[in-house]
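Chemist: no FASTA, just this:
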């Protein structure tokens, strides 16, 4: 087996100091009080790639390599020396290690149990800042370098390839891709892992398991996303949905010492996670991508020891007395003293008979870096007049040749923030079409042509292959099955919106009225887009 060493990208010294900081003797002494000293020998393996992370290490003397298996041997992408420490965000989440940690030079390491490290992160503000910042930046480095345990083989024009890419990207899991339309070495992979072109897309998980067009749940199971989470014991709080509102609820509850579990059907972030840039969110004057914003919130929730179960879908809420029970699609039941409904809303589909045929193959419901690369230099359409549509149009105009923005109304003033309207007006790449609707989609496997009409005028057909749909949203509340009171549109009613008749019908058992965000069931709350604005 051969070995190579990857030189990290050139970055300012201050950045490297944050990614791989050197601890002071006083800081190391505080850490040592939570663990013990361990003598290590050269070539000793402390953690294997794909194994659960159970310990955290600080090098007092000697050196440690971060190693990853590669096609023709292995790659050492970082050597940790005296005063430095191991770990990235998997240390917080408990997911399997993405690297092998092997001793380069014999010495003494401080070994700390992961559970004790999590306690230390919550009690020592200085060390918490150092650790969490380094963990996040190291994961960013793994993502940008593709240092993961996953290879995705599939055409960029395939909707399922796009779905898998988005699932891995929004769950911040590093991966590499092989596109059969571009990569000449595809046959070597087909032969080595014994699958055919008809099986694509294929996910090669940890160099051994071959998943043919896997579901999101199969990917999460293969990568051990939920292995460290106990879903059987009674929780103080269960949050259903990991969008901004759900993650905020998890952070606040977990930071107060409550036992919190978050259930997320796809990826943390919700609709906000697919926003290319958010500039009107408090605390980010220069703007931030939705994925970055919700990624930080996700890490923050894990820092306070909230568990986040990925690719688990709530199918029913049992509102019987005592502990509430949330049934998930695996057939298991999760018990909770308090439930927070944060399942958000989904963009409504255009009323076109064949729209499902092109979803993920020309019809998209989010505009991220992945989608922007698919339509670079081409014409695209954005449908919708809200802030999400405006953010998408401005973002896509950076790479697309032209962006047609189609809205049914006569202007944007009533539905969009003024700063976005100005950006749209000033962009030469964006053309706003008012009072206009799409009435036909055409293509074979992928979208090829779009026909639209303004008012009752003649139709126009354009050779456009990418349409971003960001219209009104419908609440994701079907799983509640009559457990809590909903309004006529399916949004959850809470607090003062609940009438006396509503509470009587729900048999509200307490002398006090529901709290502001409390539903018609005591201890069941709703936040975010499941509430009618």
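Modeler: Thanks, I have the structure now. Please read all numbers here as calculations on a predicted model, not as lab measurements. Numbers count the residues shown, from 1 in each chain.
Chemist: now the strands for the stretch 301-450 of the chain?
Modeler: For the stretch 301-450 of the chain, the strands defined by DSSP state E, counting those that start in this stretch cover 307-310, 314-318, 324-328, 333-341, 345-347, 363-364, 379-383, 402-406, 430-433, 436-443, 447-454.
Chemist: in JSON lines: the ones you listed, plus mean neighbour count, distance to residue 292 and mean pLDDT.
Modeler: To be clear about C-beta, it is placed using only N, CA and C from the backbone, and glycine gets the same treatment. Putting the strands of the stretch 301-450 of the chain into JSON lines (neighbours: other Cβ atoms under 10 Å; distance: least, Cβ to Cβ, whole Å; pLDDT from 0 to 100) gives the following:
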{"stretch": "strand 307-310", "mean neighbour count": "23", "distance to residue 292": "17", "mean pLDDT": "97"}
{"stretch": "strand 314-318", "mean neighbour count": "18", "distance to residue 292": "27", "mean pLDDT": "95"}
{"stretch": "strand 324-328", "mean neighbour count": "20", "distance to residue 292": "28", "mean pLDDT": "95"}
{"stretch": "strand 333-341", "mean neighbour count": "22", "distance to residue 292": "24", "mean pLDDT": "96"}
{"stretch": "strand 345-347", "mean neighbour count": "18", "distance to residue 292": "21", "mean pLDDT": "85"}
{"stretch": "strand 363-364", "mean neighbour count": "26", "distance to residue 292": "20", "mean pLDDT": "93"}
{"stretch": "strand 379-383", "mean neighbour count": "26", "distance to residue 292": "22", "mean pLDDT": "97"}
{"stretch": "strand 402-406", "mean neighbour count": "23", "distance to residue 292": "23", "mean pLDDT": "97"}
{"stretch": "strand 430-433", "mean neighbour count": "17", "distance to residue 292": "24", "mean pLDDT": "97"}
{"stretch": "strand 436-443", "mean neighbour count": "16", "distance to residue 292": "31", "mean pLDDT": "96"}
{"stretch": "strand 447-454", "mean neighbour count": "18", "distance to residue 292": "29", "mean pLDDT": "96"}
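Chemist: reformat these as a markdown table; add distance to residue 493.
Modeler: As requested, these are exported to a markdown table (distance: least, Cβ to Cβ, whole Å):
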| stretch | distance to residue 493 |
| --- | --- |
| strand 307-310 | 27 |
| strand 314-318 | 15 |
| strand 324-328 | 18 |
| strand 333-341 | 11 |
| strand 345-347 | 15 |
| strand 363-364 | 32 |
| strand 379-383 | 30 |
| strand 402-406 | 33 |
| strand 430-433 | 36 |
| strand 436-443 | 32 |
| strand 447-454 | 37 |
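Chemist: out of those strands, flag the one nearest residue 281.
Modeler: Comparison of those against residue 281 by Cβ to Cβ identifies strand 345-347 as nearest, at 18.3 Å.
Chemist: tally of neighbours for the closest residue to residue 298 other than its chain neighbours?
Modeler: Spatial nearest neighbour of residue 298, chain neighbours left out: residue 268 (4.3 Å); criterion: Cβ to Cβ, 6 or more residues apart in numbering. As a burial measure, residue 268 scores 27 neighbours (other Cβ atoms under 10 Å).
Chemist: so residue 268 touches residue 245, yeah?
Modeler: No. Residue 268 sits out of contact with residue 245 when judged by Cβ atoms under 8 Å, with a separation of 12.0 Å.
Chemist: picking up where we left off before, of all the strands of the stretch 301-450 of the chain, which lies closest to residue 53?
Modeler: Of all those, strand 307-310 sits nearest to residue 53, with 15.0 Å by Cβ to Cβ.
Chemist: just checking: what are the partner strands of that closest one?
Modeler: Here strand 307-310 is paired, per DSSP bridges, with strand 260-264 (parallel).
Chemist: tell me the angle the strand it pairs with makes with strand 314-318.
Modeler: Here the directions of strand 260-264 and strand 314-318 differ by 130 degrees (axes from the mean of the first three to the mean of the last three Cα atoms, to 10 degrees).
Chemist: just how off-centre is stretch 99-119 within its chain?
Modeler: Averaged C-alpha coordinates place stretch 99-119 at 28 Å from its chain's average position (Cα atoms, centre = their mean, to the nearest Å).
Chemist: next, the distance between the ends of that stretch.
Modeler: Length of stretch 99-119, first residue to last, Cα to Cα, to the nearest Å: 24 Å.
Chemist: what about it, average pLDDT?
Modeler: For stretch 99-119, mean pLDDT is 96.
Chemist: and it, what's buried?
Modeler: Buried residues in stretch 99-119, counted by 16 or more other Cβ atoms under 10 Å: 99-105, 107, 109-112, 114, 117-118.
Chemist: who touches the longest helix anywhere in the chain?
Modeler: Longest helix of the chain, by residue count under DSSP state H: helix 125-145. Outside helix 125-145, the residues that touch it by Cβ atoms under 8 Å, 6 or more residues apart in numbering are 6, 8-9, 15, 18-21, 23, 27, 30-31, 77, 85, 87-89, 91-92, 98, 117, 120-122, 147-148, 172, 174, 296, 299, 303.
Chemist: and residue 157, what is it in contact with?
Modeler: 181, 361, 445-446.
Chemist: again, only using 7 Å
Modeler: By Cβ atoms under 7 Å, 6 or more residues apart in numbering, the residues touching residue 157 are 361, 446.
Chemist: also the one 3 residues further on?
Modeler: Residues touching residue 160, when contacts are defined by Cβ under 7 Å, 6+ apart, comprise 201, 213.
Chemist: check what pLDDT it gets.
Modeler: 93.
Chemist: need phi/psi at it.
Modeler: The phi and psi values for residue 160, taken as degrees, to the nearest 10, are phi -70, psi -30.
Chemist: and for residue 415, the neighbour number?
Modeler: 16.
Chemist: what about residue 112, which SS state?
Modeler: Three-state call for residue 112 (DSSP: H, G, I helix; E, B strand; the rest coil): strand.
Chemist: wait, it touches residue 37, no?
Modeler: No. Judged on Cβ atoms under 7 Å, residue 112 makes no contact with residue 37 at a distance of 10.9 Å.
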